[in-house]
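# Give me a model of this one.
(2 chains)
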Amino acid sequence: MEAPATLSSEARPAKIEIEGVSKWFTPKRNIVQALDNVSLSVADGEFVCLLGPSGCGKSTLLDIIAGLTKPDQGRVLADGKAIEGPGRERLVMFQESALFPWLDAFGNVMFGLKLRPDLTGKERRRIANEYLELVGLGKFKHAHVHELSGGMKQRVALARALAPDPHVLLMDEPFAALDAMTRDQLYDDIQRIWMESRKTIVFVTHNVREAVCLGDRIVLMTPSPGRISQIFDIPLPRPRDINSPELAAYSSKIAAALKGTANGAAFE
Amino acid sequence: MKRFAVALLFFAALIGLWELAVRSGRWSSVLLPSPIFVAEYIWFALLDGTLVESTWVTLKRLLVGYFAGVLIGLPLGLLTSTSQFLEDTLGALALGFQTLPSVCWVPLALVWFGQTEGAMLFVVIMGTVWSVIIATDHGARNIPPIYARAARTMGSEGFHKWTRVILPASLPFLVSGMKQGWAFAWRSLMAAEIYVTILTGFGLGHLLHYGRELNAMEQVIGIMIVIVVIGLLVDRLLFSPWERFLHRRWGTNVKET
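As a prediction, this is how the structure comes out:
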């Protein structure tokens, strides 16, 4: 079996096409350019990590792909069609827990499924159970949100984002608030789920090792204004162990590049 | 069970002190009747039906007025939460009227509606609606924006968003707003009943009023006790289930009574 990471991204059709996107924000009189003429193509089934220091526009770019924010210039295509607004073919998993406290774990996973008119109630319940099992929370389907640990909450959030069967999964630093041990476990899970489901994933992070562990490609971004400075291919076989020496070698190379961007040095 | 016993003991001690105060002879028994007389009054008023009938008349006014107030206030509160313009206009009006003691509506109600049930309802609604608007507005504005964002990406919009996300998300604020609205409604109705005699129904407030006119302090105190008990019962029946739900789901320390 050929490891997916060895496939070049050009060989596959583009799932998401970002074309010359710029975005400005105007907080309190001064104007901040969050994104400056960003172009990027994400292949179908690819795992892309957007990596950069805070303020580099990576989360803004993710919001634009999600359809939650409109770009001021340029456009984003999904499957060749311009993105007009949010759609359930592109679901987002957020950094902090965005689970609804008035629903239990099962109810949260059902929320997105209930908005799919093509499913029957029975199918929805079956799918919700299936995804709760997939993230290892089959026993906790009726747990209230406040009873779950941080890691379990993000697992439910993952199940909720996966259950409606989106083509693209957008993840905005979903593990940033978790402890290291919980994170390591989730890296294994997310890789396993990605290899089984072949979803296209765009993953925003400021953690270099996390990016190397998960991404086929790492898109390094620089702040003020937000630009893509460099793209790294990570041809390591999967599943990857975040503590492996091969991974560390890539990490230190990218960390050095990231340091350069954080200091404002040019990177071409 | 232990808490119940403690409460029971406390109230028994309170009544005992009251009886002692009466027996000390320091105050005229006309002004401070013995708890036994008060109990007697309540007992006979229950037997001859006046208490049951008045309670029913009062509760009917209260419930109809309160739910009308909630039904008007809830959508208006959601509306003011959506726009700065509505917040600055309708929201400011609601805030202003909420600070107005609801008994101040009584003269106007009398002139507009005369001595009718309509006047009573008007006063209760005016007592309820403003605090419900403010609580709903406050609740909807305090929802973490991430809930709305998450719901949007899953395709929740319009009516679905309001009923399945905004309303449940603001439930903790709504329940405390409803409770506050209830307290205001209860107060305003009592004020209205004490001030205004209405031929279509003789409420608890009227009994209180006539107790004073007849100088029957055991009636005044007896009715006051009945009013307190009804207030407590409604709190238990109407709001406790919601508060327990919030406590269970949110895990917050919503006051558990």
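# For stretch B:147-158, give the mean pLDDT please.
Across stretch B:147-158, pLDDT averages out at 90.
# list the buried ones in it?
Neighbour-count burial for stretch B:147-158, counted by 16 or more other C-beta atoms under 10 Å in any protein chain shown, picks out B:Tyr147, B:Ala148, B:Arg149, B:Ala150, B:Ala151, B:Arg152, B:Thr153, B:Met154, B:Gly155, B:Ser156. Glycine gets a C-beta too; all of them are placed from N, C-alpha and C.
# need the contact list for the second one.
Yep, that's B:Ala148 we're talking about. By C-beta atoms under 8 Å, 6 or more residues apart in numbering or on different chains, the residues touching B:Ala148 are B:Lys161, B:Val165, B:Ile166.
# Then the last one?
Shown in contact with B:Ser156 (C-beta under 8 Å, 6+ apart): A:Phe111, A:Leu115, B:Arg164, B:Val165.
# Recalculate using a threshold of 10 Å.
Applying C-beta atoms under 10 Å, 6 or more residues apart in numbering or on different chains to B:Ser156 gives the contacts A:86, A:88, A:111-112, A:114-115, B:147-148, B:150, B:162-166.
# so how many other residues sit close to A:Ala255?
When neighbours are defined as other C-beta atoms under 10 Å in any protein chain shown, A:Ala255 has 15 of them.
# I'd say it and A:Val212 touch.
Yes: in terms of C-beta atoms under 10 Å, A:Ala255 counts as a neighbour of A:Val212; the distance is 9.4 Å.
# who touches both of these two?
Jointly contacting A:Ala255 and A:Val212 under the rule C-beta under 10 Å, 6+ apart are A:Leu51, A:Ala248.
# In chain A, where is pLDDT below threshold?
The model of chain A has pLDDT under 70 over residues A:1-12, A:261-268.
# Report the closest residue of it relative to chain B.
Going by C-beta to the nearest C-beta, chain B is nearest to A:His146 of chain A, at 3.0 Å.
# Looks like that residue contacts B:Thr252 (just checking).
Yes: A:His146 is within contact range of B:Thr252, at 7.8 Å (criterion: C-beta under 10 Å).
# who touches both of these two?
Residues touching both A:His146 and B:Thr252 (C-beta under 10 Å, 6+ apart) are A:Pro101.
# More neighbours: which of these two?
A:His146 (15 against 10).
# What distance do you get for the more buried one to A:Pro101?
Between A:His146 and A:Pro101 the computed distance is 7 Å (C-beta to C-beta, to the nearest Å).
# quick one: the longest helix along chain B to chain centroid distance?
Longest helix in chain B by number of residues (criterion: DSSP state H): helix B:50-82. Computed by C-alpha atoms, centre = their mean, to the nearest Å, the chain-centroid distance of helix B:50-82 equals 9 Å.
# Let me see the ranges of the helices in the chain.
Let's take chain A. Remark: helices assigned in chain A by DSSP H are A:58-66, A:105-114, A:121-134, A:150-162, A:180-197, A:208-214, A:245-262.
# I was after chain B.
With helices called from DSSP H, chain B shows them at B:2-23, B:35-47, B:50-82, B:84-86, B:92-99, B:106-113, B:117-141, B:145-153, B:158-161, B:167-169, B:171-195, B:204-213, B:217-234, B:240-250.
# packing partners for the longest one?
What that stands for is helix B:50-82. helix B:35-47, helix B:84-86, helix B:92-99, helix B:117-141, helix B:171-195, helix B:204-213, helix B:217-234 (3 or more C-beta pairs under 10 Å, 6 or more residues apart in numbering or on different chains; DSSP states H and E).
# any idea what sits nearest B:Gln219, other than its immediate chain neighbours?
Residue nearest to B:Gln219 in three dimensions, not counting chain neighbours: B:Gly211, with 3.4 Å by C-beta to C-beta, 6 or more residues apart in numbering or on different chains.
# Any idea how many residues pack against that neighbour?
With neighbours defined by other C-beta under 10 Å, the count for B:Gly211 comes to 19.
# ok and the residue in chain B nearest chain A?
Across chain B, no residue is closer to chain A than B:Gly251, which sits at 3.0 Å (C-beta to the nearest C-beta).
# That residue: what's it in contact with?
The neighbours of B:Gly251, taking C-beta under 10 Å, 6+ apart as the test, are A:Pro101, A:His144, A:Val145, A:His146, A:Glu147.
# sorry, back to before: quick one, which of the helices and strands packed on helix B:50-82 gets closest to A:Ala180.
Counting by C-beta to C-beta, A:Ala180 lies closest to helix B:171-195 out of the helices and strands packed on helix B:50-82; the figure is 33.4 Å.
# got the angle between the closest one and helix B:50-82?
130 degrees (axes from the mean of the first three to the mean of the last three C-alpha atoms, to 10 degrees).
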